[in-house]
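>>> build the 3D model from these lines:
(one chain, ligands or ions: 1)
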Amino acid sequence: MSELAARLLKRIARQGPITVAEYLAEVLTAPRQGYYMTGDPFGARGDFVTAPEISQMFGELIGLWCAETWQRLGGPATLTLVELGPGRGTLLADLLRAAKMLPGFREALKLHLVEVSPALRALQARRLEGVGATWHDSLAEVPQGRPLLVIANEFFDALPIRQFERTPEGWRERLVGLAPGRDALAFGLSPPAPYAEALLPEGLRGAGPGAVAEVAPAGLSLAAEIGRRLVEDGGAALIVDYGYAEPDGRPTLQALRRHRREDVLAAPGEADLTAHVDFSALARAAREAGAAAWGPLPQGAFLEALGIATRAERLAVGASPEQAAEIRAALHRLTAAEEMGRLFKALVLAAPGLGPLAGCAA
Ligand SMILES: C[S@@+](CC[C@H](N)C(=O)[O-])C[C@H]1O[C@@H](n2cnc3c(N)ncnc32)[C@H](O)[C@@H]1O
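Purely as a prediction, here's the structure:
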């Protein structure tokens, strides 16, 4: 049993069952043993592959989106660019290369990276050597800078969620407790939780028995914080992730290890745990803070509107037949509905009066 699993068993034996959000926070980001804190989970030999790791086209097109937004803002001399959860730093490296195409844009960028993992910070620092970035633990730590651009790819799915289940006695919260032998973790339910109703997405409040509702308190407060900062500083945010426009009452929490699904409680700290993003809830939180929101737009349509097909054609010029086939395969994977084109979505937030921005009409 891992040290983290043993610590969780001890904690629960001492203080009783914990919420799914408390479990996720511990398992993903506990200092030293949390999933993200120790190593590099990306790539073919890791647990998952993200869009920027599939093709340079993804980061380049997001770079183009940022450049067009900068132009829309009037080409200011400085622009605070924040990336939330930069992973291996690949997206930002590709974005910065594309940024050089527009005179003045690259020079305007003040780069801020929000990253909780010391191991990934070290990887990012190597990848982005010489670009002049500053690292932070949270968006709240990023100094105020006008205007602001925030980008986040597969960040919100990594933030802890709470789960509620509708039972014949009403909503109960799913908790992580101990299995009968007290030597393994097991899911259980809280007593009826009348407080739950106020937290749940409106569309699910009247759902019948068996429905599961997921709420992401950290994600919602971050969306509200981004909305507030966009109102104060001007600018825009681009959130790309897998998720749904409206919740349908089914649980989405999942564990992925070496590209395979596994039990969420099986190996705390050793598998990637994520939940699909409730885009309508994020958009609502940002709008309530005063920002404008577009989407979610399917990733395929968003990337096509930004010109991914043309970019792929250009890259294929002078490429070997093998490289050309790789480019076609990456284009398909990023945009096809049966691949990442529909499940993954883009949500655009902006200061009032700025949008719609590039890709928003997709
Ligand atoms: C799934 S990875 C996505 C990485 C990258 N954006 C990409 O597309 O390849 C999630 C990233 O968010 C970071 N992260 C997860 N939870 C975090 C938190 N609470 N605060 C800051 N960073 C976090 C992880 O360490 C990792 O860099």
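>>> V82 and the ligand, how far apart?
When distance is defined by CB to the nearest ligand atom, to the nearest Å, V82 is 11 Å away from the ligand. (Glycine included, C-beta is placed from N, CA and C.)
>>> quick check: phi and psi at that residue.
Backbone geometry at V82, expressed as degrees, to the nearest 10, gives phi -110, psi 130.
>>> what's the neighbour count on it?
Neighbourhood size, V82 [other CB atoms under 10 Å]: 24.
>>> beta partners of it?
H112, V150 (DSSP bridges).
>>> ok, it to P143 distance?
Using CB to CB, to the nearest Å, we find V82 at a distance of 10 Å from P143.
>>> how about the backbone phi and psi for the residue nearest the centre of the chain?
The centroid of the chain falls nearest to F155 when counting by CA atoms, centre = their mean (2.1 Å). Dihedral angles of F155 (phi, psi; degrees, to the nearest 10) stand at phi -110, psi -50.
>>> residue contacts, the nearest residue to it once chain neighbours are set aside?
Nearest residue to F155, sequence neighbours excluded (CB to CB, 6 or more residues apart in numbering): G85, at 3.7 Å. The contact partners of G85, by CB atoms under 8 Å, 6 or more residues apart in numbering, come to 114-115, 152-155, 158.
>>> next: P76.
Counting by CB under 8 Å, 6+ apart, P76 touches 70, 108, 146-147.
>>> does it belong to a helix, a strand or coil?
Of the three states, P76 takes coil under DSSP: H, G, I helix; E, B strand; the rest coil.
>>> pLDDT value on it, please?
Reported pLDDT at P76 in the predicted model: 97.
>>> how about M101?
Residue-level confidence at M101 comes out at 89, pLDDT.
>>> is it true that it touches Q71?
No: under the criterion of CB atoms under 8 Å, M101 makes no contact with Q71, lying 12.0 Å away.
>>> give me the distance between the strand or helix carrying T134 and the centre of its chain.
T134 belongs to strand 133-136 when elements are defined using DSSP states H and E. Centroid separation for strand 133-136 versus its chain: 18 Å, with CA atoms, centre = their mean, to the nearest Å.
>>> quick one: contacts for the residue nearest to the centre of the chain?
By CB under 8 Å, 6+ apart, the neighbours of F155 are 84-85, 239, 241.
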